[in-house]
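In: My questions concern the predicted model and sequence given below.
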Amino acid sequence: MDESALIRAAQRGDERAFEELVRQYDQSVLRMALNLLRSPEDANDIYQETFLRVYRNLHKFRYDCSFHTWLYRIVTNLCLDVLRKRKVRKEEASTIATGDGELDRMDSVPEARAHGDPQRELFSRQLNGRIRDVLSGLTPRERVVFEMRHYEGMRLKAIGEVLGTTEEAAKNCLFRATQKMRAALGDFT
Amino acid sequence: MKCDEAARLLPLYLYGELDFDEEERLELHLDGCEPCRMEVDRQRRLNDLLDAAAVRMNDGMLTSARLESRARLKREPRLDRDWWTRVGEMFSVRFARLPVLAQSLGAIALMAIGFLGARMAPPGLFPRSGSGSMADVLDPVASRVRYVEPGDAGRVQIVIEETRRRTLTGRVEDEPIRQLLMTATKDPADAGVRVQSVELLKSQCGSADIRNVLLYALQHDPNAGVRLKALDGLKQFASDPETRQVLTRVLLADNNPGVRTEVVDLLVQHREDEMVGVLQELLSRENNGYIRQRCQRALHDMNASAETY
């Protein structure tokens, strides 16, 4: 079944079609939330809320835009809310305070086996720390635009549609984000 | 073009977001400007570093998110809230409140509207349902075209394979349910189904065929969430020699630290001299701090060295 047939079937109440529709996008939704929020718990919350909203509102979807754009509008709005709240609270939820100092929440996500070279591991840890800092220094919109362009590979025009803005505004956001990255990570290149 | 302008365009150039003319002008500038070419290289390296720092999501996280979402959505009212359904609901409520005579008059009025509407509608607005129409063929079941052969006079013969959905209910110990669940543990298309099936079967682990299914899942399932569930079911057999053999292989080969952590915890519960070599080998290649610590402690308890000589 193609995507529009799946959407129509899901709108008629076909639970299996809904699930198939979800499966086409849910991995990138979770990955994007994880990359943006750098917290497995928050990413899972975004995943749950996104598909709950999709489920509740799918009957209102009228093909004014692609399903992908509609879905990403929901995800990015939810992520922007979390990022804005964090900014207001002046805290970065990707780290948690422990008795041994600050710990990155992402350390609790199991990764593929490390390469075992202590120097490279140290370099990679320092780099990740710096990237985390510079990401949390970006404005929520810059961060979302950068994430969608760099990691999700979306075109700026599509990003503009998702964020309800122009391609030019998305371009300016991306430019500012890359300038900040360049300034903060220049000595690693 | 001056270097200032080139610097503004570079990030967009690397993302392939410049239009044809801008890209031409920038490339012309880069041909003659060594510092800007070096800047392009620097920004490419920066992009590579950012790629390498991307968060890697593990399969277990996606699986558990899917399971949680499925459970949440089950508690939601059904999805059949499209326009027609809601119109239908609206009418059923209104008519139910009317007296019998009014209901009959309403029904006649609706039939008249339908009759006139069908006569006045332009041809082709409503699909004709007859034998062989697409709606008849495709609606009730999932269909797949298996064979197509052109015939005489522009006719064509199509063989369709149809999958009809059925719902079976029963207890896990019922033989047909058991068999279906065992088959579902190997469904390559859906890790969620595999997790759920293993979860249900693990309570029946006393039977040898189900234990074999769990051992197979633990060794071969690509999804860490499924492997962890299978491991959970096998915990009670941590002293069984065949199970221990599989656990040892998994400990040395599985690429997921969560699975290896569970396996090492299970294996070191039972002290066995054969474990010494395995733990020493694991120590020589393991990077996960917890697993290394667990191995060292177990080797210490067995009065064995942490290294091989």
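Out: In hand now; what should we look at?

In: And B:M275, how far from B:A306?
Out: 13 Å (Cβ to Cβ, to the nearest Å). (Glycine included, C-beta is placed from N, CA and C.)

In: Remind me what the helix or strand hosting B:L49 packs against, helices and strands.
Out: Per DSSP states H and E, B:L49 falls inside helix B:34-52. Packed against helix B:34-52 by the contact rule (3 or more Cβ pairs under 8 Å, 6 or more residues apart in numbering or on different chains; DSSP states H and E) you find helix A:118-137, helix A:167-185, helix B:3-14, helix B:20-31.

In: after it, next one along is what?
Out: Defined by DSSP H and E, the subsequent element after helix B:34-52 is helix B:59-74.

In: How about residues contacting that next one?
Out: A:19, A:22, A:26-27, A:30, A:34, A:40, A:43-44, A:47-48, A:51-52, A:55, A:109-110, B:191-192, B:195-196, B:222-226, B:228, B:256, B:258 (Cβ atoms under 8 Å, 6 or more residues apart in numbering or on different chains).

In: got it, and stretch B:192-207?
Out: Taking Cβ under 8 Å, 6+ apart as the rule, stretch B:192-207 contacts B:63, B:66-67, B:70, B:172-173, B:178, B:181-182, B:184-187, B:210-211, B:213-214, B:217, B:221, B:223, B:225-226, B:229-230, B:232-234, B:236-237.

In: Could you do stretch B:167-181 as well?
Out: Residues contacting stretch B:167-181 (Cβ under 8 Å, 6+ apart): B:197, B:200-201, B:203-204, B:210.

In: Tell me the buried residues in stretch B:252-269?
Out: B:254, B:256-268 (16 or more other Cβ atoms under 10 Å in any protein chain shown).

In: does it come close to chain A?
Out: Yes - Stretch B:252-269 is in contact with chain A by Cβ under 8 Å from any Cβ of the partner chain, via B:255-258.

In: just these now: which is nearest B:L299?
Out: Of all the residues of stretch B:252-269 next to chain A, B:L299 sits closest to B:P257, with 19.4 Å by Cβ to Cβ.

In: Do you know the pLDDT at residue 71?
Out: Here I'm looking at chain A. pLDDT recorded at A:L71 is 94.

In: Not quite, go with chain B.
Out: 85.

In: For it, grab the count of nearby residues.
Out: Neighbour count for B:A71, taken as other Cβ atoms under 10 Å in any protein chain shown: 10.

In: any idea how far it is from B:S64?
Out: Taken as Cβ to Cβ, the span from B:A71 to B:S64 is 11 Å.

In: neighbouring contacts of the helix holding B:L49?
Out: Contacts of helix B:34-52 (Cβ under 8 Å, 6+ apart): A:124, A:127, A:131, A:150, A:178, A:181-182, A:185-186, A:188-189, B:3, B:6-7, B:10-11, B:13-14, B:29-30.

In: Which parts of that helix count as buried, going by neighbours?
Out: Quick answer for helix B:34-52 (16+ other Cβ under 10 Å): B:36, B:39-40, B:43, B:46-47, B:49-50.

In: Which of these sits closest to chain A?
Out: B:L46 (5.1 Å; Cβ to the nearest Cβ).

In: For that closest one, report the pLDDT, please.
Out: 88.
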